[in-house]
Structure formats: structure tokens, C-alpha cells
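1. Any chance you could fold what I've pasted below:
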Amino acid sequence: MQENNKIPNETGELGNVDQIREILFGSQSRELNKRFEKLEVDIKRSFDDLKSKIEFSQKEFNQKLENEVELISKRIKNLTTTQQDEFADIKDSNLKQEKKNQQNIDLLNEEICVKIEQLTRDQSDSKKSLSEELNFLKLEVFEFIEDKLAQINNIKLSRDDAAEIMMEAALRIKGNNIQSQLNLIEEPKE
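-> This is a model prediction of the structure:
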């Protein structure tokens, strides 16, 4: 019969322990949840910013490339027009002019290759820099989270310590001193 009385009493004490835990640690738990949510929003915003920067750099690179190709196309077109005019006007210098035009085309091709390589390097460097910045931000966030988790782990108490603190708090709330309760337990029953 005494065992049956102990079970409901222990269940009631467990409910009280949950209430005490909520009173003692509830605000910290909610505060940490708010901080984690804010961190998540900040990380997403940073990621979106970096993504926008990468997209902007890509568009800028494509625009530069198109401009350079258009400029070179105009130069090639101008050279071709000049070549045709010179062929019509000067038939006797045909070989010299052909050689000159070929050299100009080779120079333009070299110029195109150099500019394309430079633009490709610039884009690669920009992408690498943004990627490194993103990785650095990720590392900072993970370090921050690890520090906060370490702080939380340092705050945790053992079950015995928590039970003792809660019991003492409950007795103080009741108005009893833990020492008087212990004395009652230690007195021999007659």
C-alpha cells in the first residue's frame, strides 16, 4: 500500500521539477532560441548578399566580354573595309597589303586572347575571393555557435546537483529549512 502512495507522489514531484526547471532555465532557453533564430537569419542574409555579389560580378564580366568582342568586331569590320578599299585602289600593292592585314588580324586575335584571359582571371579571382569570404563567414558562425554551445554545456548541472537545488528551493518556498527536514528524517522512529 505504501508503494502505491509513493508512485503518485513521485509523479507529482516530477511535474513540480518540470515547473521549477521552467522557472529557473526557461528564460535562458528562450533567449538562446531567439539568438539561434537571429543567427540563422543573419547567415541567410550574408549568404544571399554573397550570392548577389557573385551574380553581379558574373553579369559585369559578361558585359565586359560582350563590349570587348563588339569593339574587336568593329575593328575587324573596319579593317576589312579598309582592305577592300585598298584592293580596289591599289592593285599593284596587293601582296604587301595582304601581309599587312594579316598582321593586323593576328595582332587583334592576340589582343582578344589576352583580354579574354585577363577577364577570365579577373572573374576567377573575384569568384575565389567571394568564395573565401563565404567560407570565412561560415567558419566564424560555426565558431560562434560552438562557443555558445560550450557555454551552455558549462551551465548544465548534474542531475543530483539539480535535484538538490530544486529540493532546497522547494523547501524554502514552503518555508522549511533543509536542515530541519534532515533532522526529522534522522530522528529514530519509536
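2. in the chain, which spans are helices?
-> With helices called from DSSP state H, the chain shows them at 2-89, 94-155, 159-174, 178-186.
3. As CSV, these with mean pLDDT and mean neighbour count would be great.
-> Using the backbone N, CA and C atoms, a C-beta is placed for each residue, glycine as well. Shown next, in CSV, are those (pLDDT from 0 to 100; neighbours: other Cβ atoms under 10 Å):
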stretch, mean pLDDT, mean neighbour count
helix 2-89, 81, 12
helix 94-155, 83, 12
helix 159-174, 72, 13
helix 178-186, 61, 10
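4. residues touching I116, list them.
-> Residues near I116 by Cβ atoms under 8 Å, 6 or more residues apart in numbering: 65, 68.
5. how close does F47 sit to S131?
-> Applying Cβ to Cβ, to the nearest Å, the value for F47 to S131 is 12 Å.
6. next one: R45
-> Applying Cβ to Cβ, the value for R45 to S131 is 18 Å.
7. Kindly report the same for L32.
-> To S131, L32 is 31 Å away according to Cβ to Cβ.
8. what's the answer for T120, then?
-> Taking Cβ to Cβ as the measure, T120 falls 16 Å from S131.
9. Do I have it right that L134 meets L50?
-> Yes. Judged on Cβ atoms under 8 Å, L134 makes contact with L50 at a distance of 4.9 Å.
10. Enumerate every residue touching the closest residue to V69 other than its chain neighbours.
-> Of all residues not flanking V69 in the chain, I112 sits nearest, at 7.6 Å (Cβ to Cβ, 6 or more residues apart in numbering). Shown in contact with I112 (Cβ under 8 Å, 6+ apart): 68-69, 72.
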